[in-house]
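Peer 1: Structure of the sequence below:
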Amino acid sequence: MLNGSGIKIFSGTSHPELAEIIARRIGLPLSKAEVTRSGIGETNVTIAESVREDDVYIINTGCGAVNTALMELCIMIHACKIASAKRITAVIPLFPYARQDKKDKSRAPITAKLVANMIQKSGCDHVITMDLHASQIQGFFDVPVDNLYAEPSAILYIRTHFDLADVVIVSPDAGGAKRATSIADRLGVDFALFHKERKKANEVSRMVLVGHVKDKVAILVDDMADTCGTLCLAASHLSEAGATKVFAFVTHGILSGNALKAVEESSLEKLIVTNTLPQHENQAACKKIEVIDIGKVLGEVIRRSHYGESVSKLFHEVPY
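Peer 2: Here you go, the predicted structure:
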């Protein structure tokens, strides 16, 4: 619990529900800020209380109208900066444009670097995010970046809901092998992965399973589920390979396009996501979606950050 001296928590409009959970965890009310849009779509921000010499945390995630959320974040940071805030931390559970992190073809932009520059130039002193799609994005900033993981929450969920003797952790692609092996090692269970060949982005042509899943409960783990094409295809391959049940655990449930329909019709028993993005509508539309709350993790990071305590403990365990 914080006593409220010298700390202010503001919420953008992208995920106010998560901001409320974080504020409750810390034991403080959200500070007052008004965010409106003009007729032509410009964002207007009014910070309705003093932030002079305060430690300010601004919570906004990369979802819905992503560009609007990003501009909103930058304007709120700038407003607090020129109102003499002592330190400004951007809490961005889902980092926008994280998949555009490298120059993978001629004339391709590295948009994640541009976003990092925008956030820094606005006056941000510290960034807290979760399960960055590519961890090198931390190097795009010249300010400290705390990249938290949903892994401890996933491990806690698996331990409490499954018999570990039957479980195999599966990575849907080679890129996520490190995440999946880390979870499998900490649970003391087997690991498998898919090798996939893509024709073009978001379109998988062939998947080859490496590892044994016969008569096991297969749990797919990934950082984000967007169109869910890969997850649903992996689930059907696992069922064909003899897995008794298939679950998926994903940090960021973006679930765009026909994703909900695909999940509903797939051989997945459940798709477990965290609330880094709002999930109420998705849950209402698809019975297979279950949500884990990571608000207390983000709340605890803010508390530790404010008091200058170490955050590294939270990479391995869920706070009580």
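
Peer 1: show me where pLDDT drops low in the stretch 1-150 of the chain?
Peer 2: 1-5 (pLDDT under 70).

Peer 1: Which stretches in it count as helices?
Peer 2: Here the stretch 1-150 of the chain has its helices, by DSSP state H, counting those that start in this stretch, at 16-26, 66-81, 111-122.

Peer 1: For those, give me a markdown table that also has mean neighbour count and distance to residue 307.
Peer 2: All C-beta atoms are positioned from the backbone trio N, CA, C, and that covers glycine. Below are the helices of the stretch 1-150 of the chain laid out as a markdown table (neighbours: other C-beta atoms under 10 Å; distance: least, C-beta to C-beta, whole Å):
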| stretch | mean neighbour count | distance to residue 307 |
| --- | --- | --- |
| helix 16-26 | 20 | 11 |
| helix 66-81 | 20 | 20 |
| helix 111-122 | 18 | 24 |
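
Peer 1: Now tabulate the ones you listed in a markdown table and tack on distance to residue 287.
Peer 2: Putting the helices of the stretch 1-150 of the chain into a markdown table (distance: least, C-beta to C-beta, whole Å) gives the following:
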| stretch | distance to residue 287 |
| --- | --- |
| helix 16-26 | 21 |
| helix 66-81 | 27 |
| helix 111-122 | 34 |
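
Peer 1: Nearest to residue 167 among the ones you listed would be which one?
Peer 2: Taking C-beta to C-beta, helix 16-26 is the member of the helices of the stretch 1-150 of the chain nearest to residue 167, at 29.0 Å.

Peer 1: buried ones in stretch 161-172?
Peer 2: Using 16 or more other C-beta atoms under 10 Å as the test for burial, stretch 161-172 gives 162, 167-172.

Peer 1: Ends of it, what's the gap?
Peer 2: Stretch 161-172 has an end-to-end distance of 21 Å (C-alpha to C-alpha, to the nearest Å).

Peer 1: ok, now stretch 43-58?
Peer 2: End-to-end for stretch 43-58, by C-alpha to C-alpha: 16 Å.

Peer 1: quick one: contacts of that stretch?
Peer 2: Residues outside stretch 43-58 that contact it (C-beta atoms under 8 Å, 6 or more residues apart in numbering): 6-12, 31-38, 68, 71-73, 75-77, 79-80, 83-91, 302, 306.

Peer 1: Then stretch 72-82?
Peer 2: Stretch 72-82 is contacted by residues 10, 12-14, 33, 35, 43, 45-47, 51, 56, 58, 60, 88, 90, 92, 118-119, 122-124 when judged by C-beta under 8 Å, 6+ apart.

Peer 1: Out of the contacts of stretch 43-58, which end up buried?
Peer 2: Buried by 16+ other C-beta under 10 Å: 7-12, 31, 33, 35, 68, 71-73, 75-77, 79-80, 85, 87-91, 302, 306, out of these.

Peer 1: how is this structure carved up into domains?
Peer 2: If you go by automatic domain parsing, the domain ranges for the chain are 7-149+295-315, 151-292.

Peer 1: Hmm, residue 298 is touching residue 94, no?
Peer 2: No: counting by C-beta atoms under 8 Å, residue 94 is not a contact partner of residue 298; they are 11.8 Å apart.

Peer 1: just to revisit the earlier point, can you put the buried residues of stretch 161-172 in CSV and add pLDDT, secondary structure and distance to residue 188?
Peer 2: Below are the buried residues of stretch 161-172 laid out as CSV (pLDDT from 0 to 100; DSSP: H, G, I helix; E, B strand; the rest coil; distance: C-beta to C-beta, whole Å):
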residue, pLDDT, secondary structure, distance to residue 188
162, 95, coil, 13
167, 97, strand, 10
168, 97, strand, 12
169, 98, strand, 11
170, 97, strand, 16
171, 96, strand, 17
172, 94, coil, 22
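
Peer 1: Would you check which pair of those lies furthest apart?
Peer 2: Largest separation among the buried residues of stretch 161-172 by C-beta to C-beta: 162 and 172, giving 18.7 Å.

Peer 1: Show the contacting residues for residue 145.
Peer 2: 126-129, 137-138.

Peer 1: and those residues, which of them are in strands?
Peer 2: 126-129 (DSSP state E).

Peer 1: Give me the spatial nearest neighbour of residue 228, chain neighbours excluded.
Peer 2: residue 259 (4.2 Å; C-beta to C-beta, 6 or more residues apart in numbering).

Peer 1: Can you get me a residue count around the one you found?
Peer 2: Neighbourhood size, residue 259 [other C-beta atoms under 10 Å]: 22.
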